[in-house]
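Asks: Would you be able to build a 3D model of this:
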Amino acid sequence: MEKATFAAGCFWGVEEIFPNIKGVVKTTVGYTGGHTDNPTYHDVCSGTTGHAEAVQVEFDPLVVTYERLLEIFWDCHDPTTLNRQGPDFGTQYRSAVYYHNPEQEIIAKSSMENLEKEKRFNRTIVTEINPAVTFYPAEEYHQQYLKKQSAPSCHTRFDNKD
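Replies: Residues are numbered from 1 along each chain as shown. Take a look at the predicted model:
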């Protein structure tokens, strides 16, 4: 198994997308990319910890590729808005890819460069591509939140074709 970590706005909506992909075995919402140990949701929402709301995806690379997970990441949010997704704003809602090894770094950077060359988006992509650092799982009530609440997704761009 391998891990991929993505930040694309509200982690509830992002988490809802990935379990539907064949080869994804587990998702966990949490916080990463900041400077505070063991942050809480309240801490992260204060904007003082530097963390992003993120989803860590555990996947079988023999079933689904990292490239495919990146395609889903790019499709599920607007990577051209700085620290904002829909009505949510703040650094915790930034767009970011946290790579777990040199191969993921190369693939993520190449993927973003190709999207820019294709002019797929009307504005410049502002997604950060950084090494994975400590990932702090969010409180239990955030895990699979939309599923538990039978609530609609807050990420509407993705069309699950898998």
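
Asks: pLDDT weak spots in the chain?
Replies: By pLDDT under 70, the low-scoring segments of the chain are 145-146, 150-162.

Asks: Please, where are all the strands along it?
Replies: Using DSSP state E, the strands found in the chain span residues 2-8, 24-32, 52-59, 84-85, 88-89, 95-99, 128-131, 136-137.

Asks: can you tell which of these is closest to C76?
Replies: For C76, the closest of the strands of the chain is strand 2-8, at 5.8 Å, according to Cβ to Cβ. To be clear about C-beta, it is placed using only N, CA and C from the backbone, and glycine gets the same treatment.

Asks: what packs against the closest one?
Replies: Applying 3 or more Cβ pairs under 8 Å, 6 or more residues apart in numbering; DSSP states H and E, we find strand 2-8 packed against helix 11-17, strand 52-59, helix 66-75, strand 95-99.

Asks: Go again with 6 Å.
Replies: The contact analysis (3 or more Cβ pairs under 6 Å, 6 or more residues apart in numbering; DSSP states H and E) places strand 2-8 against strand 52-59, strand 95-99.

Asks: partner strands of the shortest one, parallel or antiparallel?
Replies: In other words, strand 95-99. Paired with strand 95-99 in the same sheet, following DSSP bridges, are strand 2-8 (antiparallel), strand 128-131 (parallel).
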